[in-house]
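S.K.: Below are the sequence and a predicted model for it; my questions follow.
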Number of protein chains: 2
Amino acid sequence: MPIEIPDVVIDRLPLYYRLLSRLDSEGRSVVSSQELGEELGVTPAQIRKDLSYFGRFGKQGRGYSVPRLLDELKAILGLDGRWKVVVIGIGRLGRAIASYPGFEGQGFDIIALYDASSGLVGTEIEGQRVKDVATLEADLKKTAVDIGIVAVPGEHAQDVVDTLVDAGVHAILNYTPNRVQTPPNVEVRHINPVLFLQSMTYHLKQRRGG
Amino acid sequence: MPIEIPDVVIDRLPLYYRLLSRLDSEGRSVVSSQELGEELGVTPAQIRKDLSYFGRFGKQGRGYSVPRLLDELKAILGLDGRWKVVVIGIGRLGRAIASYPGFEGQGFDIIALYDASSGLVGTEIEGQRVKDVATLEADLKKTAVDIGIVAVPGEHAQDVVDTLVDAGVHAILNYTPNRVQTPPNVEVRHINPVLFLQSMTYHLKQRRGG
DNA sequence: GTGAAATTGCGCACATGCACACAAACGCGC
DNA sequence: GCGCGTTTGTGTGCATGTGCGCAATTTCAC
């Protein structure tokens, strides 16, 4: 591959994808980088450059075909197939995740839920039987999983992640406040609302104190 | 103020703060940028430069005093006071947020919960009576609020945000998948797990297909 | 008290990502 | 079919953020 594609570009593609999905469902057939940019708060040049990493999808004087570009992004991001997801930790947060309506429609299949509490194991959540986390390792060996979502108490995060990584899971969404260590070939994203709030308070303070 | 402090720096401070809290609770009194960097996966130089925007907190040959640096960061981020937070939308996600244990200990007080559903209004969640979202506007005029957390259905996100902004709330954490428009003097952070997953699948695909 | 080891703060060079601007291409109207 | 307005793709310059390297400072051992 000649040029490396920056991560920031990859992170913007889902935004474009999302907007194009909306435009497509509204029946729009063509859109310009100008309009995409206004909607997303990004400069049109940025959008054109991002897309140009992957091909020449637009037509001069016209813009981009909405369905065409949607399909291209779908293929680029790998959203033209389905991905197997497991959720570990079915507390309040895990349950909210398991019932989040946005996953299924976007190609993410939650194929199993795990928890350590004997009170939960065996119960039904969103039509899924909650399985014992002790069986996670064996299950992963039988059925390959693409993505693990971790919503256990922070102190168990690293253990669960290690189990996932050892079993060949290469993408992990970590909802616990603890950062976890992984080999470089594993993608981890941390979702920690407290960190967001803490950087926002800096700005709030600026406003107040000058 | 002579130099503007980059946003990326501000976003890293909570990470440092978090690690220092842990070290402090473990009784560590001194730490080097080297060690901080190893723990966080950041270069030591980066950490020293980030901190140097705010002052000279370290001692050559020794490192940083953990309690001292913790206090400095606390003051810088505005975590030495308490912040008033409201949560709007008490579905599964909103309930998970309302009961998230990490907020209170970090200076964030959830002072009210709001929902639109008549089935929920008046019920108790985590010791809080759920209030009717219709009263939000009036309540905000009576009691100033610092941060709004929005977990309503996507199609109502903009309305709720507009209400918050009109009432002078300058920081918003948006858990809905919809992006919202705000004036430039309002800080908004979007938490959308699907966007994370979608950029991770790109990398998964790379691994597979080459 | 002196030398050696450690570590900060910062100047500087480098890399990376962003916006601008323009040539090339396309469509539309007449 | 021709010209005009529109919009893409990209070469180029610029800004911003990152890492290196070193002088200055501190600690520690002997």
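M.R.: Thanks, I have the structure now.
S.K.: only C-alpha atoms for contact and neighbour calcs from this point on.
M.R.: Fine.
S.K.: Tell me what the residue most central in space within chain A is bridged to.
M.R.: Central residue of chain A (Cα atoms, centre = their mean): A:Leu173, 7.4 Å from the mean position. Assessed by DSSP bridges, A:Leu173 has beta-bridge partners A:Ile149, A:Arg189.
S.K.: Now do the SS call for the closest residue to A:Lys131 other than its chain neighbours.
M.R.: In space, and not counting its chain neighbours, A:Lys131 is closest to A:Tyr114: 4.8 Å by Cα to Cα, 6 or more residues apart in numbering or on different chains. In three-state terms, and counting by DSSP: H, G, I helix; E, B strand; the rest coil, A:Tyr114 is strand.
S.K.: Go through the longest helix seen in chain A and flag the buried ones.
M.R.: Assignment by DSSP state H gives helix A:7-25 as the longest helix of chain A. By neighbour count on 16 or more other Cα atoms under 10 Å in any protein chain shown, the buried set for helix A:7-25 is A:9-11, A:13-21, A:23-24.
S.K.: Now A:Ile88. Its backbone dihedrals?
M.R.: phi -110, psi 120 (degrees, to the nearest 10).
S.K.: Next one: it, what pLDDT does it get?
M.R.: Looking at A:Ile88, its pLDDT stands at 98.
S.K.: Then A:Arg207?
M.R.: So, for A:Arg207, pLDDT stands at 88.
S.K.: A:Val130 reaches A:Ala112, doesn't it?
M.R.: Yes. In terms of Cα atoms under 8 Å, A:Val130 counts as a neighbour of A:Ala112; the distance is 7.3 Å.
S.K.: between these two, who's got more neighbours?
M.R.: A:Val130 (23 against 18; other Cα atoms under 10 Å in any protein chain shown).
S.K.: The residue of chain A found nearest DNA strand D sits in which helix or strand?
M.R.: Nearest to DNA strand D, among the residues of chain A, is A:Gly61, at 2.7 Å (Cα to the nearest atom of the strand). A:Gly61 belongs to no helix or strand when assigned by DSSP states H and E.
S.K.: tell me the contacts of it?
M.R.: Residues in contact with A:Gly61 (Cα atoms under 8 Å, 6 or more residues apart in numbering or on different chains): none are found.
S.K.: which phi and psi does it have?
M.R.: Torsion angles, degrees, to the nearest 10, at A:Gly61: phi 80, psi -10.
S.K.: ok so, going back, mind giving me the packing neighbours of the longest helix of chain A?
M.R.: With contacts defined as 3 or more Cα pairs under 8 Å, 6 or more residues apart in numbering or on different chains; DSSP states H and E, helix A:7-25 has these neighbours: helix A:33-40, helix A:66-77, helix B:193-209.
S.K.: I'd like those helices as TSV, with distance to DNA strand D appended.
M.R.: Shown next, in TSV, are those (distance: least, Cα to the nearest atom of the strand, whole Å):
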stretch	distance to DNA strand D
helix A:33-40	4
helix A:66-77	10
helix B:193-209	20
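S.K.: Nearest to DNA strand C among these would be which one?
M.R.: The nearest among the helices and strands packed on helix A:7-25, by Cα to the nearest atom of the strand, is helix A:33-40 at 9.5 Å.
S.K.: what packs against that closest one?
M.R.: Using 3+ Cα pairs under 8 Å, 6+ apart: helix A:33-40 touches helix A:7-25, helix A:44-52.
S.K.: could you redo the last one with a cut-off of 10 Å?
M.R.: Counting contacts by 3 or more Cα pairs under 10 Å, 6 or more residues apart in numbering or on different chains; DSSP states H and E, helix A:33-40 is packed against helix A:7-25, helix A:44-52, strand A:63-65.
S.K.: can you tell me which of the ones you listed comes nearest to A:Leu164?
M.R.: Distance to A:Leu164, taken as Cα to Cα, is lowest for helix A:7-25 among the helices and strands packed on helix A:33-40, at 23.6 Å.
S.K.: which residues are in contact with both of A:Val130 and A:Ala112?
M.R.: Shared contacts of A:Val130 and A:Ala112, defined by Cα atoms under 10 Å, 6 or more residues apart in numbering or on different chains, comprise A:87-88.
S.K.: What residue spans form the domains of chain A?
M.R.: As assigned by automatic domain parsing, chain A contains the domains A:7-76, A:83-194.
S.K.: Next, find the distance separating the closest residue to DNA strand C within chain A from A:Tyr16.
M.R.: Distances between chain A and DNA strand C by Cα to the nearest atom of the strand are smallest at A:Gly61, namely 3.8 Å. A:Gly61 sits 20 Å away from A:Tyr16 when distances are taken as Cα to Cα, to the nearest Å.
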